[in-house]
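Trainee: Quick one, what's the 3D model for this:
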Amino acid sequence: MEWQKDYNTGITSIDEQHQKLCHMTSKLDAAMDSDEVNQMMGQILKELVEYVKFHFTDEEKIMKNLSFPDLERHKKLHKDLVTQVANILVDIKNGKDISALELVVFLQKWLIGHIVGEDKKIGDYFYR
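Mentor: Numbers count the residues shown, from 1 in each chain. The predicted structure follows:
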């Protein structure tokens, strides 16, 4: 998954964090070629969840400081993703066979959809 200029919100810290998230999902994609894909997937997902929590906290702080009007709904979208990924981690830990490809596609679609459909609104609000 390559970062594209169209994904930029115009807020440097958010854009840098989004780029790191894109890199992490690419790392997960690359893990699919490993013989130990489930173990690697679980490890990368744990790292991803930790970074996502940091990113969401930082992004929400920025939105709060901007008095972003859609903050509460945006926070719910963040919480919903963390819950979904945490449930996937539990499934992996319990030995459930999770399709790495489906997981990667889900995360990439969610990330890009969220950035383009939601996070760019933060930049638009900031630069209005």
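
Trainee: going forward, measure contacts and count neighbours with C-alpha atoms only.
Mentor: OK.

Trainee: what is the mean pLDDT for the helix or strand hosting Met41?
Mentor: Using DSSP states H and E, Met41 sits in helix 37-65. On average, the pLDDT along helix 37-65 is 87.

Trainee: for it, which positions count as buried?
Mentor: Buried positions in helix 37-65, judged by neighbour count with 16 or more other Cα atoms under 10 Å: 37-38, 40-42, 44-45, 48-49, 51-52, 55-56, 59-60, 62-63.

Trainee: Run the chain-centre distance for it.
Mentor: Averaging C-alpha positions (Cα atoms, centre = their mean, to the nearest Å) puts helix 37-65 6 Å from its chain's average.

Trainee: What is it packed up against?
Mentor: If you count contacts as 3 or more Cα pairs under 8 Å, 6 or more residues apart in numbering; DSSP states H and E, helix 37-65 packs onto helix 12-31, helix 71-93, helix 100-114.

Trainee: Out of these, which is the most enclosed?
Mentor: Of the helices and strands packed on helix 37-65, the one with the most neighbours on average (mean count of other Cα atoms under 10 Å) is helix 12-31, at a mean of 18.

Trainee: Any idea how far that one is from the middle of the chain?
Mentor: Centroid separation for helix 12-31 versus its chain: 8 Å, with Cα atoms, centre = their mean.

Trainee: who touches that helix?
Mentor: For helix 12-31, the external contacting residues (Cα atoms under 8 Å, 6 or more residues apart in numbering) are 1-3, 7-9, 37, 40-41, 44-45, 48, 51-52, 55, 59, 100-101, 104, 107-108, 111, 115.
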